[in-house]
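Novice: build me a model:
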Amino acid sequence: MSQSLHNITLKQAQAVLDKHVQTPGPITFFERFPQSNAGQESYLIRLEGPRAYVLKLGVTDVLEVNSPYAPNALVSQYKLLSYLHTQKQFGSVPLPSPIAFDDSRSLLLQAYILLGLPPGVHTLMPLTAARSKMSLQQNVMTDLKMGALLHALHEVQNEWFGPPVMETDGVWSWQEAFTLMLEEALCATEASGGLEIGLDMSEIRRLLSRAIGAFIFDDAEVPSFIWFMGGEEDVYVSVREDDSEPQIVLALADLSYALWGDPLLERLFVDPKPSQALLEGYQTPLILYPRQKTKRMWYTLYTALVILLGPSVEETRRTWALDASRRAAEELKNAPSY
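Specialist: Have a look, this model is predicted:
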């Protein structure tokens, strides 16, 4: 077991547990949690027995946290997770438990949140890694559960649209919120020298004006809870070799980009292409009219820009984002608005 990991030591991690957890006992396992992204570092901590925790450190100065496309502040993530725990439909969803948010910097140099993992989580295998180990039937059953999880998530609703940083704006229209988010991302892309995308920004804005005039985004009338950047790498499963039903043991441990908006914005609805089983598990049709396909193109463009503007982009995600942004920009030129 490593005694020091990047910004914190084992001794500091133990001090955090001693402060917030009743009779924690000594740490037996301490390593970097695989969901370390968005400029934030997370650590997996285990104690003797079934107890396990995730310690997530505050965002570094890689993005302006008051930008709509930037990762959510730690306090916002903590509040969002706490709110999810008040929702009855999440009784069977293995969410982490919000234990503490601390920005006093009395123990660590950064603000942090401490999360408790569901009991009995002994191994954390991302769904991306588990796919090849599962049979066809197990993959189908997992996708059905994924669809049901997203459906339950989207039933959690709010009064205003946008990421937490836009709460004080009180935006009641999704079209207004999303176009503001997209415009901020477009401006940041321009300021960054185009991020090697090679998009015609004037053409993008002309097409966006046409979409706004056709009220493309206005069919999302109720602000739903959107995981947004949550993907298969953020869902952890338990798989047995006897072809029994896999179990989702942890989800929603990272809410860096969660917001209130249109369910169709979810990255899981486009990357990878959702299976028929996931769509069946979701229960509600996502696209009924051609204009909704156009809307999904805009969402793909925005998702790609957020990835490219984010810190520490993995090469595979960067490649996907570059290709997706160019493809969406090209397809939008002839996309219907009806």
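Novice: which stretches of the stretch 51-200 of the chain aren't confidently modelled?
Specialist: With pLDDT under 70 as the threshold, the stretch 51-200 of the chain has low-confidence stretches at 59-65, 89-92, 120, 122, 194-195.
Novice: quick one: the strands in it?
Specialist: According to DSSP state E, counting those that start in this stretch, the stretch 51-200 of the chain carries its strands in the segments 52-57, 97-102, 112-116, 125-126.
Novice: give me the contact list for the last one.
Specialist: Contacts made with strand 125-126 from outside it, assessed by CB atoms under 8 Å, 6 or more residues apart in numbering, are listed as 34, 232-239. C-beta here means a position set from N, CA and C on the backbone, and glycine is covered the same way.
Novice: off-centre distance for it?
Specialist: 16 Å (CA atoms, centre = their mean, to the nearest Å).
Novice: and what of stretch 66-73?
Specialist: How far stretch 66-73 lies from its chain's middle: 12 Å, per CA atoms, centre = their mean.
Novice: end to end, how far does that stretch reach?
Specialist: 9 Å (CA to CA, to the nearest Å).
Novice: state the distance from Leu305 to Gln40.
Specialist: According to CB to CB, to the nearest Å, Leu305 and Gln40 sit 20 Å apart.
Novice: counting neighbours, what do you get for Ala52?
Specialist: 22 (other CB atoms under 10 Å).
Novice: which residues does Glu48 contact?
Specialist: Residues near Glu48 by CB under 8 Å, 6+ apart: 25-26, 28.
Novice: follow-up on the earlier one: any chance of the strands of the stretch 51-200 of the chain in CSV with distance to Glu266 as columns?
Specialist: As requested, the strands of the stretch 51-200 of the chain are exported to CSV (distance: least, CB to CB, whole Å):
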stretch, distance to Glu266
strand 52-57, 22
strand 97-102, 22
strand 112-116, 22
strand 125-126, 18
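Novice: burial count for Arg240?
Specialist: 11.
Novice: which residues sit in contact with it?
Specialist: Pro246.
Novice: assumed it was part of a strand.
Specialist: No - Arg240 is assigned coil when assessed by DSSP: H, G, I helix; E, B strand; the rest coil, not a strand.
Novice: circling back: so which of the strands of the stretch 51-200 of the chain is nearest Arg205?
Specialist: strand 52-57 (36.5 Å; CB to CB).
Novice: hang on, isn't Leu255 packed against Ser82?
Specialist: No - Leu255 lies out of contact with Ser82 (CB atoms under 8 Å); the separation is 10.6 Å.
Novice: which one's more surrounded, those two?
Specialist: Each of Leu255 and Ser82 has its neighbours counted (other CB under 10 Å); Leu255 has more, 28 against 12.
Novice: now the more buried one: which helix or strand?
Specialist: Under the criterion DSSP states H and E, no helix or strand holds Leu255.
Novice: still on that earlier bit, the strands of the stretch 51-200 of the chain: which one's closest to Leu144?
Specialist: Judging the strands of the stretch 51-200 of the chain by CB to CB, what sits closest to Leu144 is strand 125-126, at 18.5 Å.
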